[in-house]
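*Asks:* 3D, please:
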Amino acid sequence: MPTWVADLQQHADQIQSGLVEMRRHLHRNPELSGQEHKTTRFLAGFLEQLGLHPQLADDDRGLFADLDVATTDDGTPDRRIALRGDIDALPIADQKIVDYHSHNPGVMHACGHDVHPSVVCGAVQILTAMAERNQLPWPIALRAVLQPAEEIAQGASHMIRSGAIEGVDAILALHVDPTRPIGEIGLKAGVLTASCDMIHVDFLGKGGHGARPHLCKDPIDACTLWVQSAFRRIHRVVSADQTVVFSVGQINAGHSANVIPDQADVSGSLRTLSTEARSIALDALHDVSRSVKQQTGCEVRSRLGVSAPAVINDQSLIQLISDAAVLVAGPNAPTPIAEPSMGSEDFSYYLQKIPGAMFRLGVAGDECGHHPLHTAQFDVDERCLAIGAKIMATAIIQYFRPQ
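*Replies:* Residues are numbered from 1 along each chain as shown. Next up, the predicted model:
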């Protein structure tokens, strides 16, 4: 084993308690998407203590900072790789009985966005300590990107507009995985997550008395017809070998049991794994809208909301992460992910600009870490923090290994 690997392991062990403290601070003080000002300042302060110079993104939400290390013989590399961690929380009430439960009523980190920045900061801290002691085997150039608003699929674009990946050649990220045990990571080259389109449809009719529907154009009738027709139609036009998930999550209409309202609206999501399936499904939904208009006489206006493309992992970067995991966590650490997730991730926006890869970090221990994402009991076995930081730091060093 190279000497630098042993040094890296030692630094990771030394910062374990600090990473737990950071993660718990973030967990106690979650902020919703679009409101991550205090979280941004807290993380900027941590990086400043390491001697870095964080640059805040637009609206002071999110930040990025560079760590450039040159040896006495060589200059800083002409390449740069980034590590991305997302920082926003969810509108979920924390129900855990722990001393680090959320202090912000109705808001909690239920998707690991306290773990992700802690792991990225841990990797930066390890590499900074190694640089100070001349323990890095060759020059590296790293950028830490700490991003807001992932949960609403707006944060990556926000960071790109703020210059977070200018001069960056590749980017790595992680996501907690409560289905995997501590010490294990999940890897998949190619498509990792589905593309996701948020769909909103408005139905504009003519309201009136519930006793005289023949004098009305009922938007609730149009809405329910649209929902049922959409479910049937999509799975009749998309090939059975294409994975498509269409779900309706919200319907709004009316204010009184005996009054037909003037309007109704419905919102849902369309998740696909290929551009072909996405195009066919969207065309089918437009066809449904035209048919419902003809049948009910209501105006039907559909629009796409925030969308996220599929995450497509770069093969060589997945191999880089796998090799790093074997080196610092053992040969059984990397495990394959068999099928893409139908969830979505706005990490995909970075991958439209530069190559990148995301891995799943196992967080399930003997006593905690088994509750699903986006639930009020979600928690992690905090041993995952040092493991994730070691893997990311090792991948950074290996990325710059001389050929």
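*Asks:* Identify the residues contacting the residue nearest to Asp7 when sequence neighbours are not counted.
*Replies:* Nearest residue to Asp7, sequence neighbours excluded (CB to CB, 6 or more residues apart in numbering): Gln135, at 4.4 Å. Placement of C-beta: from N, CA and C, glycine included. Applying CB atoms under 8 Å, 6 or more residues apart in numbering, we find Gln135 in contact with Thr3, Trp4, Asp7, Leu8, Ala129.
*Asks:* Quick check: the second one touching Pro137?
*Replies:* Yes: contact criterion CB atoms under 8 Å: Trp4 and Pro137 qualify, at 4.8 Å.
*Asks:* what's the overlap in contacts for those two?
*Replies:* Ile397.
*Asks:* pLDDT on stretch 98-106, on average?
*Replies:* Averaged over stretch 98-106, pLDDT sits at 97.
*Asks:* What residues of it count as buried?
*Replies:* With burial defined by 16 or more other CB atoms under 10 Å, the residues of stretch 98-106 counted as buried are Tyr100, Ser102.
*Asks:* In the protein, where's the longest strand?
*Replies:* Ranked by residue count under DSSP state E, the longest strand found in the chain is strand 170-181.
*Asks:* Pull out the C-alpha coordinates of that strand and format them as CSV.
*Replies:* Coordinates of each C-alpha in strand 170-181 appear next as CSV, following Å, rounded to 0.1, in the frame of the first residue of the first chain:
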residue,chain,number,x,y,z
ALA,A,170,-14.9,16.5,-14.3
ILE,A,171,-17.2,16.3,-11.2
LEU,A,172,-18.0,13.7,-8.6
ALA,A,173,-20.9,13.4,-6.2
LEU,A,174,-22.5,11.0,-3.7
HIS,A,175,-25.9,10.2,-2.4
VAL,A,176,-26.8,8.4,0.8
ASP,A,177,-28.4,5.0,0.4
PRO,A,178,-30.3,3.4,3.3
THR,A,179,-30.6,0.1,1.4
ARG,A,180,-26.8,-0.4,1.6
PRO,A,181,-24.9,-1.2,4.7
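*Asks:* Pull up the pairing partners for whichever helix or strand comes after that strand, direction included.
*Replies:* Heading C-terminal from strand 170-181, the first helix or strand you meet, by DSSP states H and E, is strand 185-187. Paired neighbours of strand 185-187 in the sheet (DSSP bridges): strand 334-336 (parallel), strand 356-364 (antiparallel).
*Asks:* So for Ala230, which of those strands sits nearest?
*Replies:* Counting by CB to CB, Ala230 lies closest to strand 356-364 out of these; the figure is 30.7 Å.
*Asks:* Report the next helix or strand after that closest one in sequence order.
*Replies:* Using DSSP H and E, the helix or strand that follows strand 356-364 in sequence is helix 384-399.
*Asks:* got a list of contacts for whichever strand or helix holds Leu282?
*Replies:* According to DSSP H and E, Leu282 maps onto helix 275-296. For helix 275-296, contacts defined as CB under 8 Å, 6+ apart pick out 195, 197, 199, 201, 203, 205, 217-218, 221-222, 225-226, 229-230, 233-234, 237-239, 242-244, 246, 270, 272, 298-300, 302, 304.
*Asks:* Could you list the low-pLDDT ranges of this protein?
*Replies:* 71-74 (pLDDT under 70).
*Asks:* In what element of secondary structure is the residue sitting nearest the centre point of the chain found?
*Replies:* With distances taken as CA atoms, centre = their mean, Glu345 lies nearest the centre of the chain, 4.2 Å away. In this assignment (DSSP H and E), Glu345 forms part of neither any helix nor any strand.
*Asks:* Would you confirm that it contacts Gln147?
*Replies:* No: counting by CB under 8 Å, Glu345 sits too far from Gln147 to count as a contact (11.2 Å).
*Asks:* circling back to that earlier point, keep only those of the contacts of Gln135 that are in helices.
*Replies:* Thr3, Trp4, Asp7, Leu8, Ala129 (DSSP state H).
*Asks:* And these, which is closest to Arg61?
*Replies:* Looking across those and measuring by CB to CB, the closest to Arg61 is Ala129, at 28.6 Å.
*Asks:* what's the nearest residue to the closest one if we skip its chain neighbours?
*Replies:* Ala129 sits nearest to His11 (CB to CB, 6+ apart), 4.8 Å away.
*Asks:* Go ahead and build a ChimeraX selection from the buried members of the contacts of helix 275-296.
*Replies:* Of those, the buried ones can be selected in ChimeraX as follows, counting by 16+ other CB under 10 Å:
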select :195,197,199,201,203,205,217,218,221,222,225,226,229,230,233,234,238,243,244,246,270,272,298,300,302
